[in-house]
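Visitor: The sequence and its predicted three-dimensional model are supplied below.
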Amino acid sequence: MLENLIKEYGVLAVFFGAAFEGETAAFLGGIFAHRHLMPYWQVALAACLGSFSADQFFFLSGRYATKWSYVQKLLGSEPVARVTRLLEAHPTGFILAFRFIYGIRTISPVAIGVSSVSMQKFVVLNAVAALIWGVLITAIGFLAGQAVESLLGRLQLHLHLLIVLALVAVLVPISAFFMKRQIAKRSSHPEPQDNELH
């Protein structure tokens, strides 16, 4: 039953999951591709398009919908202030990297939309970053599925998912902790702007 649902709606679920949740949906999509429930190229494409679409929406929200209560609440928060400092110091690098940094993915495109970054520049960099992100995260999921199968054999799907998700539940908070420490250090000591990046 579960496998049939994944085969039928899995690609669509990866698209919306990548848009609204992020890494977990793309990662699971990679596992499902490894289990031959969906073609890998469809999973990767769905993750790329979902990520691109969501971040484009949030960028447009920051640019044209600043009167929305949601946007106003975000813009007044301390995390957005830290994001803005990083964006001002490294505009191109930050746009390419923010979706890889746990905890700031949703607020970053809103902050970029409020900034002076042009629409054309964001669309291009957003597309490049979404492509890299989608392919990378789904590939990691695919390889994780392969690793579990190599170590434990061909498990039932629900056991396979539980083992992989348990590993993710341990690794993600640890990675997020160290990333947040690095962001805090960089935002408190911003480097001079590089005019070549504007």
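Guide: Right, received. Where do you want to start? Numbers count the residues shown, from 1 in each chain.

Visitor: contacting residues around L45?
Guide: Shown in contact with L45 (C-beta atoms under 8 Å, 6 or more residues apart in numbering): G134. For the C-beta atoms, the positions are set from N, CA and C on the backbone; glycine is no exception.

Visitor: Apply 10 Å and report the result again.
Guide: Contact analysis of L45 by C-beta atoms under 10 Å, 6 or more residues apart in numbering lists 11, 14-15, 39, 131, 134-135, 138.

Visitor: Kindly write the ChimeraX command that selects the buried subset of those.
Guide: Filtering those down to the buried ones (16 or more other C-beta atoms under 10 Å) takes a single ChimeraX command:
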select :11,14,15,131,134,135,138
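
Visitor: could you redo the contacts of L45 as a markdown table and give each row pLDDT and secondary structure?
Guide: As requested, the contacts of L45 are exported to a markdown table (pLDDT from 0 to 100; DSSP: H, G, I helix; E, B strand; the rest coil):
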| residue | pLDDT | secondary structure |
| --- | --- | --- |
| V11 | 87 | helix |
| V14 | 91 | helix |
| F15 | 94 | helix |
| P39 | 91 | coil |
| L131 | 95 | helix |
| G134 | 93 | helix |
| V135 | 94 | helix |
| T138 | 92 | helix |
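
Visitor: Among the contacts of L45, which one sits closest to G50?
Guide: The closest of the contacts of L45 to G50 turns out to be F15 (C-beta to C-beta; 4.2 Å).

Visitor: The closest one touches A44, doesn't it?
Guide: No: the pair F15 / A44 is not scored as a contact, 11.2 Å apart, by C-beta atoms under 10 Å.

Visitor: Are there residues contacting both of those two? Which ones?
Guide: Both F15 and A44 are contacted by 26, 29, under the criterion C-beta under 10 Å, 6+ apart.

Visitor: can you give me the helices for this protein?
Guide: Residue ranges of the helices in the chain, as given by DSSP state H, are 2-20, 23-34, 40-64, 69-75, 78-89, 91-97, 107-114, 119-152, 157-188.
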